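Asks: mind looking at a prediction? Sequence and model below.
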Amino acid sequence: MDPAGGCPHADNARLLARGAVASVVLPGEVPGMAVLGHDALKEFLAHPDVAKGAAHFAALAEGLIPDGWPLRTFATVQGMTTADDEDHRRLRSLVSKAFTTRRVEQLRPRIEVLTAELLDRVDAMAAEGDGTVDLRAGFALPLPLGVICELLGVDERHQDRLHHLSNQIVSTDIGPAVAMAANRELVELLSTVAAARAEQPGDDLISALISARDEGGDRLSQQELIGTLVLMIIAGHETTLNLIANAVRALCTHRDQLGLVTSGRAGWPDVVEETLRWDSPVSYFPFRYPTRDLTLDGTVIPKGAPVLAGYSAAGRDTAAHGPDADRFDVTRPARTSAARHLSLGHGPHYCLGAPLARMEATIALEQLFRRFPELEVTVPDTELPRHASFVGNGVRTLQVRLRPDTDTVAG
């Protein structure tokens, strides 16, 4: 796997042409596997002989994974994504009440207001400059980051630092010293935040988790509390950030599809689902481990091997989505069929925040293009700088022009 990341789709197509499961080499020459095909991935994600706990990671158990390994946090952080069976159900139940459909719907007015405020700010920034603005930095990032921080009870003053640290953690090309420092600082910062909420509880998720920890000694340990916060901060904004930015890129390079939505022949939820399939915000997510040698689509995945879930590859698997799987089509009927995308997971670890991510992206795109229907990306898509990670699938900047350049039009 290329630690520098980049657009994954050409490499995915080459791998898929060879099979649904591939051997890969992770950073540090660590051998692993990737499941790329839609059907194989769906089976793997729900397989009873596949675990998430780090105790099943053979190389880690044998002491072969150094502390500064860039993917170590994904394996060792204590929380829902690294727990199995009863531990997983216990941790998930503590958080799930905040993400029910009803509770998420109650957030809609606040998300709509925050979206409008950010668009006001973006509009002002463009007016003060040359008419262009970095939509990622000014809109796609602060919207989901602000929402998850409000939901958790994290002060706004911590948001920029939390994003910087989480961004380093999902990077796959940083050195051991930087990786260890980022993990250490993130844990320290979230421990400080949790201590403040313990002293002054509020109507937020951190306060609720602390209450669960204090009321029952075996319900949530301090390590699990901080691990859960680490996971929720990262997953709660990095993925939705990429989803929004990737959708804007897709619509601006497929104006016919944008026209279908603005004319009412397709809906904004359709855009969100097709973006999730066509350009998944997560490319390869670490890790799962077979608890025995597992044969999948004719390929043996060894017991204890670290396996990447290839969401971006599965989304364009022609075996599941047809020969035009690489075409962005907001009217694609597969979104309601058995071939529905897997970008939000499948099985017991299905993304808990899926309803929130869908709502945020739908509101963001609808308000954005209603206000700026002629918005355009000013840099060719192939030249946009990519995030240095094969885990996240997104760009580092998204320079756009909100309105047509009147000077150019006049000329």
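Replies: Looks like it arrived, so ask away.
Asks: now Pro3: how far from Gly175?
Replies: 10 Å (C-beta to C-beta, to the nearest Å). The way it works is simple: take the backbone N, C-alpha and C, and place the C-beta from them, glycine included.
Asks: helices along the stretch 51-200 of the chain, start to end?
Replies: Taking DSSP state H, counting those that start in this stretch as the test, the helices found in the stretch 51-200 of the chain are 58-61, 72-76, 85-96, 101-106, 108-128, 135, 142-152, 159-170, 176-199.
Asks: tell me what the third one is packed against?
Replies: Packed against helix 85-96, as judged by 3 or more C-beta pairs under 8 Å, 6 or more residues apart in numbering; DSSP states H and E, are the following elements: helix 205-215, helix 222-253.
Asks: cool, the last one as well?
Replies: Taking 3+ C-beta pairs under 8 Å, 6+ apart as contact, the helices and strands that helix 176-199 lies on are helix 72-76, helix 159-170, helix 205-215, helix 222-253.
Asks: likewise for the fourth one?
Replies: Counting contacts by 3+ C-beta pairs under 8 Å, 6+ apart, helix 101-106 packs against helix 354-371.
Asks: any idea of the angle the helix it packs on forms with helix 222-253?
Replies: Interaxial angle, helix 354-371 versus helix 222-253 (axes from the mean of the first three to the mean of the last three C-alpha atoms, to 10 degrees): 30 degrees.
Asks: could you pull up phi and psi at Val395?
Replies: Main-chain torsions, Val395, degrees, to the nearest 10: phi -110, psi 160.
Asks: so which residue is smack in the middle of this protein?
Replies: Nearest to the geometric centre of the chain sits Thr239, at 2.3 Å (C-alpha atoms, centre = their mean).
Asks: with Leu251 as the reference, measure out to it.
Replies: Computed as C-beta to C-beta, the Thr239 to Leu251 distance reads 19 Å.
Asks: what does Phe74 give?
Replies: Applying C-beta to C-beta to Phe74 and Leu251 gives a distance of 31 Å.
Asks: so who does His38 touch?
Replies: Applying C-beta atoms under 8 Å, 6 or more residues apart in numbering to His38 gives the contacts Ala314, Gly315, Asp317, Ala319, Ala320, His321, Ala339, Leu342.
Asks: buried subset of those residues?
Replies: Neighbour-count burial (16 or more other C-beta atoms under 10 Å) is assigned, among these, to Ala314, Gly315, Asp317, Ala320, His321, Ala339, Leu342.
Asks: of the residues you listed, closest to Ala198?
Replies: The nearest member of those to Ala198, counting by C-beta to C-beta, is Leu342 at 37.9 Å.
Asks: quick check: the closest one touching Phe44?
Replies: No: Leu342 lies out of contact with Phe44 (C-beta atoms under 8 Å); the separation is 10.0 Å.
Asks: relative to Leu225, how far out is the closest residue to Ala83 other than its chain neighbours?
Replies: Distance criterion C-beta to C-beta, 6 or more residues apart in numbering; nearest residue to Ala83, sequence neighbours excluded, is Leu91 at 5.5 Å. Relative to Leu225, Leu91 is positioned 10 Å away (C-beta to C-beta).
Asks: cool, Leu243 as well?
Replies: As judged by C-beta to C-beta, Leu243 and Leu225 stand 27 Å apart.
Asks: same deal with Val395?
Replies: Counting by C-beta to C-beta, the gap from Val395 to Leu225 is 33 Å.
Asks: swap in Arg110?
Replies: Separation of Arg110 from Leu225 (C-beta to C-beta): 25 Å.
Asks: returning to that earlier point: which of the helices of the stretch 51-200 of the chain is buried the deepest?
Replies: When the helices of the stretch 51-200 of the chain are scored by mean count of other C-beta atoms under 10 Å, the highest mean neighbour count falls to helix 135 (a mean of 25).
Asks: which neighbouring elements make contact with that one?
Replies: Looks like helix 135 contacts no helix or strand (3+ C-beta pairs under 8 Å, 6+ apart).
Asks: mean confidence for that helix?
Replies: Computed over helix 135, the mean pLDDT rounds to 98.
Asks: same question for stretch 19-31.
Replies: On average, stretch 19-31 scores 95.
Asks: give the buried residues for it.
Replies: Residues of stretch 19-31 classed as buried by neighbour count (16+ other C-beta under 10 Å): Ala20, Val21, Ala22, Val24, Leu26, Gly28, Val30.
Asks: please name the nearest non-neighbouring residue to His346.
Replies: Ranked by C-beta to C-beta, 6+ apart and with sequence neighbours excluded, the top spatial neighbour of His346 is Leu45, at 4.2 Å.
Asks: I figured Gly304 hits Ala54, correct?
Replies: No: using C-beta under 8 Å, Gly304 makes no contact with Ala54, being 10.8 Å away.
Asks: list the contacts for Ala212?
Replies: Applying C-beta under 8 Å, 6+ apart to Ala212 gives the contacts Leu94, Arg219, Leu220.
Asks: show me which of these is closest to Ala354.
Replies: Looking across the contacts of Ala212 and measuring by C-beta to C-beta, the closest to Ala354 is Leu94, at 17.8 Å.
Asks: for Gln200, see how far away the residue nearest to the closest one when sequence neighbours are not counted is.
Replies: In this structure, Leu94 finds its nearest non-sequential neighbour in Ala212, 5.3 Å apart by C-beta to C-beta, 6+ apart. For Ala212, the distance to Gln200 (C-beta to C-beta) stands at 17 Å.
Asks: relative to Gln222, how far out is the residue nearest to His346?
Replies: 30 Å.
Asks: more neighbours: the two, which one.
Replies: Leu45 (20 against 12; other C-beta atoms under 10 Å).
Asks: pretty sure the more buried one is touching Leu344, no?
Replies: No: with contact defined as C-beta under 8 Å, Leu45 does not count as touching Leu344 (10.8 Å).
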